[in-house]
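Novice: please work out how this folds:
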Amino acid sequence: MGRHFYWVGIADVPQWVIRTPGPAVGGTFEEPWMFGDGRILPSLGPIKADVAHQGKSRAFVLSGIEQAPIANELVANVFSTLAPGDVQLLPVSIEGESERYFVVNATKVVDCIDEAWCREVHHYDEDAPPGLEGEYNWIYGLRIDPSKTEGAQVFRLKKFKVAFIVSEDVKNALEAVGNLGVSFERVTGLPST
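Specialist: Here you go, the predicted structure:
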């Protein structure tokens, strides 16, 4: 039996919506999508995130538009224990919260999309935004080849970095923490019909 991996998405539960993190001094980062780029980030200084929609605080959520993974200390410990070489944990203060939170920045990009097993793929056409030529605009029924994951436990996908992928071990440990605002869609094995 092969290893299974999961695409982390926004769960169908009452959401506590956090805006994309920015500098603590105010404003936004020049590259707000950098938390989904799959690279080690330089020191950003103190960062903060505001609450866009008040709700029950969650242990793990994806922020607003850029869907930066934001985790409390228990969830951050799961990532640092099971995937220490795959993530960078960046402290972030959340408006109105005394608990410690972290942006979970996946630092690996893996080329493992199995397009033949995906239900439907959409590539950017010739009118693609600069830098996105040849990448995927969207994938339905995403499938990856676990033999090409290079031992990574947490990663982004080459040509489809919007997908934040975790191994089954990481998924199970996150579910054990509980109080998640995320869901897990399996991206390995036979596609669901």
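
Novice: contacts only, for the spatially closest residue to Gln153 that is not a sequence neighbour.
Specialist: Leaving aside its sequence neighbours, Gln153 sits nearest to Ala83 (Cβ to Cβ, 6 or more residues apart in numbering; 3.8 Å). In this view, the C-beta of every residue, glycine as well, is placed from N, C-alpha and C. Ala83 sits next to 152-154, 166-167, 170 when contact means Cβ atoms under 8 Å, 6 or more residues apart in numbering.

Novice: gap between the two ends of stretch 146-160?
Specialist: Terminal residues of stretch 146-160 lie 16 Å apart, using Cα to Cα, to the nearest Å.

Novice: before we move on, what about stretch 129-145?
Specialist: Using Cα to Cα, the end-to-end distance of stretch 129-145 comes to 28 Å.

Novice: what does stretch 48-57 give?
Specialist: Stretch 48-57 has its terminal residues 16 Å apart, counting by Cα to Cα.

Novice: check the offset of it from the chain's centre.
Specialist: Here the centre of mass of C-alpha atoms in stretch 48-57, compared against the chain's by Cα atoms, centre = their mean, to the nearest Å, lies 18 Å away.

Novice: which of the contacts of Ala83 fall in strands?
Specialist: 154, 166-167 (DSSP state E).

Novice: give me the neighbour count for the closest residue in space to Pro14 that isn't next to it in sequence.
Specialist: When the adjacent residues along the chain are set aside, Pro14 lies closest to Gly55, with 5.3 Å between them (Cβ to Cβ, 6+ apart). Residues lying near Gly55 (other Cβ atoms under 10 Å) number 14.

Novice: so Ala173: helix, strand or coil?
Specialist: Following DSSP: H, G, I helix; E, B strand; the rest coil, we place Ala173 in the helix state.

Novice: before we move on, the earlier item: top of the ones in strands among the contacts of Ala83 by number of neighbours, please.
Specialist: Counting neighbours by other Cβ under 10 Å, Val166 comes out on top of those with 29 neighbours.

Novice: what sits against that residue?
Specialist: Neighbouring residues of Val166 by Cβ under 8 Å, 6+ apart: 5-6, 8, 83, 153-154, 174, 184.

Novice: buried residues in stretch 112-126, which are they?
Specialist: Under the neighbour-count criterion of 16 or more other Cβ atoms under 10 Å, stretch 112-126 has 112-114, 117-118, 121, 124 buried.

Novice: pLDDT on stretch 72-91, on average?
Specialist: Averaging the model's pLDDT scores along stretch 72-91 yields 98.

Novice: many thanks, we can stop here.
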